[in-house]
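**Q** this one's sequence-less:
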């Protein structure tokens, strides 16, 4: 009996040993988890807006948005706080101006505070993104702001409100307009534990057809021997004079923000240069050269890899101060368009090949559509 028992026990040991060697989930050699190739210190951002998105419409939606972004490898959230003459947080500045403290659909809530709390709980950085900047409204004849402050409107040579691509514009050179935006930035930095603030292709900016309002014309005369501004909107000296005024605003805005919270990241996502300069008076190379921004994220939004690579390399040619990181803005979704996963891989590979270690995606809803690419391919492109 003892011999029989020993034989049975020996057979059992052999059987267990064989199972361990052949089983994929047992005690054999585990499959190693690939290590992401990305720079852990680089920005991998996503823009979160109110247009064509319900991401901010409830606390649960915000929690899910944060979870989706974290799973996608996103580490910085650029959350809209101001667009179309409304804020996504209760604002005394806006309430004093137009009698509306917050976008109506968010009444009784504070989506910005919810984003800060949920984002930080997940280990993500949260930036306040001033999406509309010096644009007052979209196809609304200037909207509530121009209605309250008609002298804030940008005017073209004919004296009409400046409208470009449907956006109605304020005069970004007017001191009261500048102070309004500064007050919004200071309100957010003072009241929220945000990690950054961001302007974009509308802050600081103004279409180059603007500048013919009474205030700006008189200022130009005072500084140019009584001469009136050139009637050609793209006259080189006229472009330079107005762009320099916006450059000074960048410097001042940064100083005001940093005085309140020195550690806050001050970034801008402008139109590509030189298009942004001739069309919107945006001189981002000067901002970077002068270290007035902590990072610049040019909007390299294109629909094929040849066009994307061309604009990327164009931006690189104007990038001269490596102490200020450049992170390309990547278009993943616009309207019914969503970039293919193959095109996404090509764009990120182009970024890495050109020395750019991170990027930000416009916008969040596109990230939701290709989760497998973000988890399976994005981390390993080098």
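**A** Yep, that arrived. In this text the structure is predicted, and so the values were computed from the model without any measurement.
**Q** for the helix ranked longest in the chain, buried residues please.
**A** Using DSSP state H, we find that the single longest helix of the chain is helix 236-260. Judged by neighbour count using 16 or more other Cβ atoms under 10 Å, the buried positions of helix 236-260 are 238-239, 241-243, 245-247, 249-250, 253-254, 256-257. Using the backbone N, CA and C atoms, a C-beta is placed for each residue, glycine as well.
**Q** dump those residues to TSV, plus distance to residue 124 and pLDDT.
**A** Formatted as TSV, these follow (distance: Cβ to Cβ, whole Å; pLDDT from 0 to 100):
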residue	distance to residue 124	pLDDT
238	43	98
239	39	98
241	41	98
242	37	98
243	34	98
245	36	98
246	31	98
247	31	98
249	29	98
250	26	98
253	25	98
254	23	98
256	26	98
257	21	98
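**Q** can you redo the residues you listed as a markdown table with distance to residue 186?
**A** Converted to a markdown table, the buried residues of helix 236-260 look like this (distance: Cβ to Cβ, whole Å):
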| residue | distance to residue 186 |
| --- | --- |
| 238 | 31 |
| 239 | 30 |
| 241 | 27 |
| 242 | 25 |
| 243 | 24 |
| 245 | 20 |
| 246 | 19 |
| 247 | 20 |
| 249 | 14 |
| 250 | 15 |
| 253 | 9 |
| 254 | 12 |
| 256 | 6 |
| 257 | 7 |
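**Q** and which of those is nearest residue 189?
**A** Set against residue 189, the nearest of those by Cβ to Cβ is residue 257 (5.5 Å).
**Q** wouldn't the closest one be in contact with residue 267 here?
**A** No - Residue 257 is not in contact with residue 267 according to Cβ atoms under 8 Å; the separation is 10.8 Å.
**Q** so what sits against both of the two?
**A** Residues touching both residue 257 and residue 267 by Cβ atoms under 8 Å, 6 or more residues apart in numbering: residue 197.
**Q** how about residue 276, secondary structure?
**A** Following DSSP: H, G, I helix; E, B strand; the rest coil, the label given to residue 276 is helix.
**Q** quick check: phi and psi on the residue nearest to residue 82 when sequence neighbours are not counted?
**A** Nearest residue to residue 82, sequence neighbours excluded (Cβ to Cβ, 6 or more residues apart in numbering): residue 130, at 4.7 Å. Dihedral pair for residue 130: phi -90, psi 80, per degrees, to the nearest 10.
**Q** for residue 163, same thing?
**A** With angles defined as degrees, to the nearest 10, residue 163 sits at phi -130, psi 130.
**Q** so what's it up against?
**A** Contacts for residue 163 (Cβ under 8 Å, 6+ apart) come out as 139, 169.
**Q** which strand residues bridge it?
**A** residue 168 (DSSP bridges).
**Q** ok, now how distant is it from residue 142?
**A** When distance is defined by Cβ to Cβ, to the nearest Å, residue 163 is 9 Å away from residue 142.
**Q** residue 134 too?
**A** Relative to residue 142, residue 134 is positioned 12 Å away (Cβ to Cβ).
**Q** between these two, point out the one with more neighbours.
**A** Between residue 134 and residue 142, residue 134 has the larger neighbour count (other Cβ atoms under 10 Å), namely 29 against 23.
**Q** hang on, that one packs against residue 202?
**A** Yes - under the criterion of Cβ under 8 Å, residue 134 makes contact with residue 202 at 5.7 Å.
**Q** okay, now the unreliable bits of the stretch 101-250 of the chain?
**A** Judged against pLDDT under 70, the stretch 101-250 of the chain has no low-scoring part.
**Q** ok, which stretches of it are strands?
**A** Per DSSP state E, counting those that start in this stretch, the stretch 101-250 of the chain carries strands over the ranges 125-129, 135-138, 163-164, 167-169, 196-199.
**Q** pull up the pairing partners for the second one, direction included.
**A** What it means is strand 135-138. Strand 135-138 pairs in its sheet with strand 167-169 (antiparallel), by DSSP bridges.
**Q** residues in contact with the strand it pairs with: which ones?
**A** Contacting residues not belonging to strand 167-169 are listed as 132, 134-143, 146, 153-154, 161-163, 202, 206-207, 210 [Cβ under 8 Å, 6+ apart].
**Q** do the same with stretch 230-248
**A** Contact with stretch 230-248 is made by 156-157, 172-173, 204-206, 208-209, 211, 216, 220, 223-224, 229, 277-278, 281-283, 286-287, 290, 292, as judged by Cβ under 8 Å, 6+ apart.
**Q** return a ChimeraX selection command for the buried portion of those residues.
**A** Here is the ChimeraX command that selects the buried residues among these (16+ other Cβ under 10 Å):
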select :156,172,173,204,205,206,208,209,211,216,220,229,277,278,281,282,283,286,287,292
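**Q** appreciated, that's everything.
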